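J.: With the sequence up front, the predicted model follows.
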Amino acid sequence: MLKRRIMLKPDEVKDFVVAASKCDFDIDIAYNRYVVDAKSIVGVFGLDFSQILTVSYSGYDADFEQFMSRLAVAC
């Protein structure tokens, strides 16, 4: 299971969900104990964008990795 920490802005949500939806594996995005399906635009909009979010997934997709690299924060 891979975990990446990202900062997401409200205007980036649509692109994030589209990128996640193209993957054939499950992707979750979380803040504290609140976990949602990253392929759900309504779920992702329910997150607190002022906080660092954790994205968890177990597959690999080159385009998704490239998109995640743009959103990643230093640990």
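T.: Yes, it's here.
J.: so where is this structure shaky, pLDDT-wise?
T.: Across the chain, the ranges flagged by pLDDT under 70 are 75.
J.: repeat that for 90
T.: Confidence mapping of the chain against pLDDT under 90 gives the ranges 1, 32, 73-75.
J.: What segments of it are helices?
T.: 13-21, 41-45, 62-71 (DSSP state H).
J.: Quick check: which helices or strands does the first one pack against?
T.: Secondary-structure packing of helix 13-21 (3 or more CB pairs under 8 Å, 6 or more residues apart in numbering; DSSP states H and E): helix 41-45, helix 62-71. (Each C-beta comes from the backbone N, C-alpha and C, glycine too.)
J.: Out of the ones you listed, which gets nearest to residue 54?
T.: Closest of those to residue 54 is helix 62-71, at 11.6 Å (criterion: CB to CB).
J.: Now do the closest one and helix 13-21, the angle between them.
T.: Interaxial angle of helix 62-71 relative to helix 13-21 (axes from the mean of the first three to the mean of the last three CA atoms, to 10 degrees): 140 degrees.
J.: outside of helix 62-71, which residues touch it?
T.: Contacts with helix 62-71, where a contact means CB atoms under 8 Å, 6 or more residues apart in numbering, come from 4, 6-8, 12, 15-16, 19-20, 22-23, 27, 55, 57.
J.: For those residues, work out which two are farthest apart.
T.: Going by CB to CB, the pair spanning these furthest: 7 and 22, at 21.4 Å.
J.: Of the contacts of helix 62-71, which is the nearest to residue 73?
T.: residue 7 (5.4 Å).
J.: who's in contact with that closest one?
T.: The contact partners of residue 7, by CB under 8 Å, 6+ apart, come to 49, 52-53, 71, 73.
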